[in-house]
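Q: give me a model of this one.
(chains A and B)
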Amino acid sequence: MDTPVVQTNALTRTYIMGRNRVDALRGVDLCVRRGEMVSIMGASGSGKSTLMNLLGCLDRPSTGAYNLDGVEVANLSKNELAEVRSRKIGFVFQGFHLLPRTSALENVELPLLYRRDSLTTPPREAAKAALQRVGLGDRMDHDPSELSGGQQQRVAIARALVTSPALLLADEPTGNLDSRTSVEIMALFQELHAAGLTVILVTHEPEIARYTERIVELRDGLIVRDVPVEDPARATHDLKEAAHATQDPNNPTHATRDLDHPPSLVLAAGGES
Amino acid sequence: MTWHRLLGMALRSLIRNRLRAALTTLGVVIGVGAVIVMVAIGEGAQRVIEQQIENLGTNLIVVTPGSTTVGGARQGAGSASRLTTEDAEFLQRETQLLAHVSPVIATFSQIVGGDGNWRAPISGVDVDYFEIRDWEIAEGRAFDASDLQGKRKVAILGSTVASQLFGDDSDPVGASVRIRNVPFEVIGVLAEKGQTADGGDQDDVVLAPYTTVQTRLSGRQFVAQILGSAYSAEEVGEAQEEVALLLRESRQLGSWEEDDFTVRNQTQIAEAAAGTTETMTVLLASIAGISLVVGGIGIMNIMLVSVTERTREIGLRMALGARGSDVLSQFLIESLVLSAAGGLLGLLLGAGSAFVLSLSTGWAVSLSVSTILVAMGFAAVVGVVFGFYPARRAASLDPIAALRFS
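A: Next up, the predicted model:
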């Protein structure tokens, strides 16, 4: 069988602040196979951010083992972790984190500039390809300020893709976006997933988690639920349906605005409560 | 990450904050500009003084009597033995390397003449004295050989003495003055020479033939010093050695005996004077250097603000795989670019100001390549030193905290 992309074993993370000891993670065993699309859910304080930092090699566990794409990373030095991030992980953040006054192309190019191994394609070409892949081939020279929120997040996703990472790690990627744009972004993730990319998505929104195949729920630093999603929602389908439902020939001016509330999302929100 | 990428990145982020970068640079611009102007003025002054000293005669060689030790107490110059007119005449006859030789017999006397009287040093000198000291006659004539041979009672007055005795505008040539009741005919007045380096009035002097002074005034064979001048500044050292050898011969010193006289040249004096202006230059440059340091602190200040402001950017770069060293070089290069730009602009400003200053005030300024290099190097050092702490701080940020920073 193929080696898993993520394999953690009794992962713990304890913060010591003065005399206080906070056990943010208390033994997490998580396995994510290549090509999976997983949601990590949990309330704030559940440890999902801590887990994300560990999975993203931004932090080191207090105890336990973590094998990322065949590499044991639990005890690597800071510089080695930077190297692992550079080669194996693509980050997508809630706040996009694009460099201001820097073109989309240069933003996407950025991770390649920190690569120490020799690249097969020049950074500029790779960045162009990544932007085309997220549907922004015509916006390459735009500054982030000239792009909508959804477009900015697409640039960020292109930046995560440009290094061909083993794992795409998205932290609340739709948190700053309206519902319709959120679905569009999820459609993009599903498309990338379909092409074989391993995606871990940290979210607290069940309607976003619906678009993934598996939901891992954390509470008090432990995994309390790890279940496959039965019949995951298809984002492209929801978009089409929303567009169809709001296509009212008598009142075309409201069409765009109504797209912010596609019926499927209303249904999803209703199902949760 | 390659250097040209880092440089490009630094430039881009500085251009993003144009006004701030410009204001930050201004500190260094002023600092470097000030250093360059100050050093240019100082070096200009130094060059002028060196030239003046050269005009005074760096060829000059001065022989003074040596010292002796009596019962352990050193007796000071002139205590051992005295130089005599014979020594001077021996030198005049035998020297190969000296262009001119003149004994100087020094005495001090009240001088009566014209409208008043005045107490002044009297120097008994030879014909060559004027050449050696590069001293010109303003009115009348200098001594000639017959004045010396005939022990004529003729005198040449320094301008101070002339004006004290005869008033400022009168012409004392041909008048008579009495020195120790001996009447002397004034045959000339010296051109004004001004003050010496230590404030003495060089014009407060009366010159007379040394033969006359010896017989009429001092009545002794001894001379205070013997002045000589080499043919060129380069030959001073050799001439000095020759003088010492000739004097040992003239004074019949045995090979076991030490010199009982001292031979000195003006190079030491010139060096001392040049050293003074050098000290002044260093002083001016250090005051200006302080403003450069202040400029550096400005850079540090802004870089610290910039690091705080861009904490999220730093976190992002780290998440994307930047190492601490990548972040360190990025910020270090930014501050280096700031200080280097400041250095270049400061160089233009400083050179321009020095030029304008020399045109408007007539001061001599001198801008050497080494000054420029030192000022630029100092600016770069300022950039690195004051940029290092903020850069270190950026590099040591925790990526998680940095990404969360708002």
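
Q: by mean pLDDT, point me to the weakest helix or strand of chain B.
A: strand B:69-70 (a mean of 53; mean pLDDT, DSSP states H and E).

Q: need the contact list for the residue of the stretch 51-200 of chain B found nearest chain A.
A: Residue of the stretch 51-200 of chain B nearest chain A, by C-beta to the nearest C-beta: B:Gln51 (56.6 Å). Glycine gets a C-beta too; all of them are placed from N, C-alpha and C. Contacts for B:Gln51 (C-beta atoms under 8 Å, 6 or more residues apart in numbering or on different chains) come out as none.

Q: and it, helix, strand or coil?
A: Counting by DSSP: H, G, I helix; E, B strand; the rest coil, the backbone at B:Gln51 sits in helix.

Q: distance of it relative to A:Val92?
A: 73 Å (C-beta to C-beta, to the nearest Å).

Q: ok so, going back, ok, so what distance separates the residue of the stretch 51-200 of chain B closest to chain A from B:Gly124?
A: 31 Å.

Q: which strand is the longest one in chain B?
A: strand B:98-113 (DSSP state E).

Q: parallel or antiparallel, which strands does that one pair with?
A: Partner strands for strand B:98-113, per DSSP bridges, with pairing direction: strand B:116-125 (antiparallel), strand B:176-179 (antiparallel), strand B:225-230 (antiparallel).

Q: deepest in the core, which of those is it.
A: Of those, the one with the most neighbours on average (mean count of other C-beta atoms under 10 Å in any protein chain shown) is strand B:225-230, at a mean of 25.

Q: next SSE downstream of it?
A: With elements assigned by DSSP states H and E, the helix or strand that comes after strand B:225-230 is helix B:236-250.

Q: for whichever residue of chain B sits closest to chain A, list the residues it contacts.
A: Using C-beta to the nearest C-beta, B:Gly321 is the residue of chain B that sits closest to chain A, at 2.5 Å. For B:Gly321, the contacting residues are A:82-83, A:85-87, A:111, A:114-115, A:163, by C-beta under 8 Å, 6+ apart.

Q: by neighbours, which of the residues you listed wins?
A: A:Pro111 (30 neighbours; other C-beta atoms under 10 Å in any protein chain shown).

Q: nearest spatial neighbour of that one, skipping sequence neighbours?
A: Nearest residue to A:Pro111, sequence neighbours excluded (C-beta to C-beta, 6 or more residues apart in numbering or on different chains): B:Leu320, at 4.2 Å.

Q: from B:Trp3, how far out is the one you found?
A: Relative to B:Trp3, and taking C-beta to C-beta, B:Leu320 is found at 19 Å.

Q: when those two are compared, which one has more neighbours?
A: Remark: of B:Leu320 and B:Trp3, B:Leu320 carries more neighbours, 26 against 9, as counted by other C-beta under 10 Å.

Q: helices of chain B, start to end?
A: Ranges of helices within chain B are B:3-16, B:18-57, B:85-94, B:129-133, B:145-149, B:159-166, B:210-212, B:236-250, B:267-309, B:311-319, B:324-361, B:369-395, B:399-404, based on DSSP state H.

Q: okay, those helices in JSON lines with distance to A:Leu55 and mean pLDDT next?
A: Output for these, formatted as JSON lines (distance: least, C-beta to C-beta, whole Å; pLDDT from 0 to 100):
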{"stretch": "helix B:3-16", "distance to A:Leu55": "29", "mean pLDDT": "84"}
{"stretch": "helix B:18-57", "distance to A:Leu55": "38", "mean pLDDT": "83"}
{"stretch": "helix B:85-94", "distance to A:Leu55": "98", "mean pLDDT": "88"}
{"stretch": "helix B:129-133", "distance to A:Leu55": "92", "mean pLDDT": "87"}
{"stretch": "helix B:145-149", "distance to A:Leu55": "108", "mean pLDDT": "90"}
{"stretch": "helix B:159-166", "distance to A:Leu55": "96", "mean pLDDT": "88"}
{"stretch": "helix B:210-212", "distance to A:Leu55": "104", "mean pLDDT": "91"}
{"stretch": "helix B:236-250", "distance to A:Leu55": "82", "mean pLDDT": "86"}
{"stretch": "helix B:267-309", "distance to A:Leu55": "28", "mean pLDDT": "83"}
{"stretch": "helix B:311-319", "distance to A:Leu55": "12", "mean pLDDT": "94"}
{"stretch": "helix B:324-361", "distance to A:Leu55": "21", "mean pLDDT": "92"}
{"stretch": "helix B:369-395", "distance to A:Leu55": "24", "mean pLDDT": "90"}
{"stretch": "helix B:399-404", "distance to A:Leu55": "12", "mean pLDDT": "91"}
